[in-house]
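Undergrad: Requesting a structural model of the entry that follows:
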Amino acid sequence: MNLVLPIFLVIAAFAGGIILGMYLLRRQVEKEFAENPRLNVEAVRTLLSASGQRPSEAKVHQVYRQIISQQKAALANSKKKK
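TA: I've put the predicted structure just below:
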């Protein structure tokens, strides 16, 4: 009878730690992606070249800006839903 409360507290602390850790990790990863996007101008140039086009610099930067703005909008929408 005396061991039930300490065991429950250990299990509750463990579960709380896991939940808090997952929340903090998700927040850190979102912040990292917002500051350092995986996609850069060189990657866009490579993608456009791979599709058989010879992209101009204006086209590369236009596509890059569109992708970045879509990512920011998606991130803002996900924050609104919370």
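Undergrad: From now on I want contacts and neighbour counts done on CA atoms only, so please keep to that.
TA: Will do.
Undergrad: which residues in this protein form helices?
TA: Counting by DSSP state H, the chain has helices at residues 4-35, 41-50, 57-81.
Undergrad: could you give me the average pLDDT of the second one?
TA: This means helix 41-50. In this model, helix 41-50 has an average pLDDT of 89.
Undergrad: On the pLDDT front, check the residue nearest to the spatial centre of the chain for me.
TA: Closest to where the C-alpha atoms of the chain average out (C-alpha atoms, centre = their mean) is Glu30, at 3.9 Å. Listed pLDDT for Glu30 reads 83.
Undergrad: Off-centre distance for the worst-scoring helix or strand of the chain on mean pLDDT?
TA: The helix or strand of the chain with the poorest confidence is helix 57-81; it has a mean of 85 (mean pLDDT, DSSP states H and E). Mean-position distance between helix 57-81 and its chain equals 13 Å (C-alpha atoms, centre = their mean, to the nearest Å).
Undergrad: what about Asn40, neighbour count?
TA: Residues within reach of Asn40, counting by other C-alpha atoms under 10 Å, total 13.
Undergrad: how close does the residue lying closest to it once chain neighbours are set aside sit to Lys31?
TA: For Asn40, ignoring the flanking residues on the chain, the nearest one in space by C-alpha to C-alpha, 6 or more residues apart in numbering is Tyr64 at 7.3 Å. Separation of Tyr64 from Lys31 (C-alpha to C-alpha, to the nearest Å) stands at 20 Å.
Undergrad: The two: who's more crowded?
TA: Shown here are Tyr64 and Lys31; by other C-alpha under 10 Å, Tyr64 has more neighbours (19 against 11).
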